[in-house]
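Participant: just coords:
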Ligand SMILES: [Zn+2]
């Protein structure tokens, strides 16, 4: 199991770690990491592993991070997710001299992390605004993709959201952003890796990375795309987002 430091300190940009396993496809498992893996639709962090061989400093980039192994948890009103997983960092280079037991420094691309954090938070705000009009639509989510510059949610619904309905949804989302409401994240009492996101009285099960308040999302734009019968895609973008990386530290 990899210790997931991003839950204890979301703004740590570098940490020391030990290589605990080397897998296929240049996958490196570490005893602990700050690199957030692909999870809940959020794309993974990118970053660098730095290490020393015979007194010489080396570095290798990773552009994909994934979870493997672990155990599934079954909690009431919570999705089935794996916990106590190992975190695999897929390196961009083969034959790196890395071996099990070696000490490395893990650094992440904080610009990308912050953009994904804004995008993820905007997705929740957009969902809150949709549920203001369509209560419990959370249960109809069938897909989620959180990228740096936009995100999308796919819903299984028979009666599609209309253009007219998108107007109050976007207005409510922008009201939530402009009022700079605080956002809290906390763990389930029995499962520390089962985490929740809360803004006002809205709580969603989610272990992603999020802003601590709504303001930096900036103006939200909400569009829709029809994916055929029974499926509605809603796309969120935030062209005026403030990407504040000053809070990240080593
Ligand atoms: Zn989330």
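Facilitator: Cool, got the structure. Owing to the predicted nature of the structure, the values given are computational and were not obtained by experimental measurement.

Participant: List the contacts of residue 57.
Facilitator: Shown in contact with residue 57 (C-beta atoms under 8 Å, 6 or more residues apart in numbering): 50-51. To be clear about C-beta, it is placed using only N, CA and C from the backbone, and glycine gets the same treatment.

Participant: Now with 10 Å, please.
Facilitator: By C-beta atoms under 10 Å, 6 or more residues apart in numbering, the residues touching residue 57 are 50-51, 105.

Participant: hey, what's it bridged with?
Facilitator: residue 52 (DSSP bridges).

Participant: does residue 106 sit in a helix or strand, and which one?
Facilitator: With secondary structure defined by DSSP states H and E, residue 106 is part of strand 103-108.

Participant: what does residue 223 give?
Facilitator: Residue 223 is part of strand 221-226 when elements are defined by DSSP H and E.

Participant: Neighbouring strands - and their directions - for the helix or strand following that strand?
Facilitator: Downstream of strand 221-226, the next assigned helix or strand under DSSP H and E is strand 231-237. When pairing is defined by DSSP bridges, strand 231-237 lines up against strand 150-156 (antiparallel), strand 221-226 (antiparallel).

Participant: buried residues in whichever helix or strand comes after the first one?
Facilitator: Read that as strand 150-156. Helices and strands here follow DSSP H and E; after strand 150-156, the next one along the chain is helix 163-178. Buried residues in helix 163-178, counted by 16 or more other C-beta atoms under 10 Å: 166, 169-170, 172-174, 176-177.

Participant: Alright, that wraps it up for me.
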